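Participant: Return a 3D structure for these sequence lines:
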Amino acid sequence: MVTVAVLLLPGLGLLLFAMTYLEDRLFGDGGPARHARRRHLRLLPGGRAEAAPARGPERAEHRSPGRDAA
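Facilitator: Reported below is the predicted structural model:
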């Protein structure tokens, strides 16, 4: 029984180290992203003169059930 415990100890130590490392990487404060800019979205002045009509869901073509591609 002592032999099994001694053989499992390095594996459990490695597992503990790996889980601690992953938790720090996943849940740690990473700071600002390197690609972040001060003004990410640039809007053009003016925009549309009138509102566009709302688009509804497009209707699919009617197919007969016997004409499947598969």
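
Participant: contacts and neighbour counts: CA atoms only from here.
Facilitator: Fine.

Participant: where's residue 20 relative to residue 29, distance?
Facilitator: 15 Å (CA to CA, to the nearest Å).

Participant: Which residue of these two possesses the greater neighbour count?
Facilitator: Under the criterion of other CA atoms under 10 Å, the comparison of residue 20 against residue 29 puts residue 20 first, with 11 against 8.

Participant: quick one: low-confidence ranges for the chain?
Facilitator: 31-42, 47-70 (pLDDT under 70).

Participant: switch to 80 and redo it
Facilitator: Applying pLDDT under 80 to the chain flags the ranges 28-70.

Participant: if I look at residue 22, how far off is residue 28?
Facilitator: Note on residue 22: its distance to residue 28, by CA to CA, is 10 Å.

Participant: ignore the last one, residue 15
Facilitator: 19 Å.

Participant: of the two, who's got more company?
Facilitator: Per other CA under 10 Å, whichever of residue 15 and residue 28 has more neighbours is residue 15, with 12 against 9.

Participant: how would you label that one: helix, strand or coil?
Facilitator: Here residue 15 is helix, with the state taken from DSSP: H, G, I helix; E, B strand; the rest coil.

Participant: now residue 29
Facilitator: Secondary structure, three-state DSSP: residue 29 is coil.

Participant: cool, residue 46 as well?
Facilitator: Recorded secondary structure, residue 46: coil (three-state DSSP).

Participant: count of neighbours near it?
Facilitator: Look at residue 46: counted by other CA under 10 Å, it has 6 neighbours.

Participant: repeat for residue 23
Facilitator: 10.

Participant: Now name the helix or strand holding it.
Facilitator: Under the criterion of DSSP states H and E, residue 23 resides in helix 2-27.
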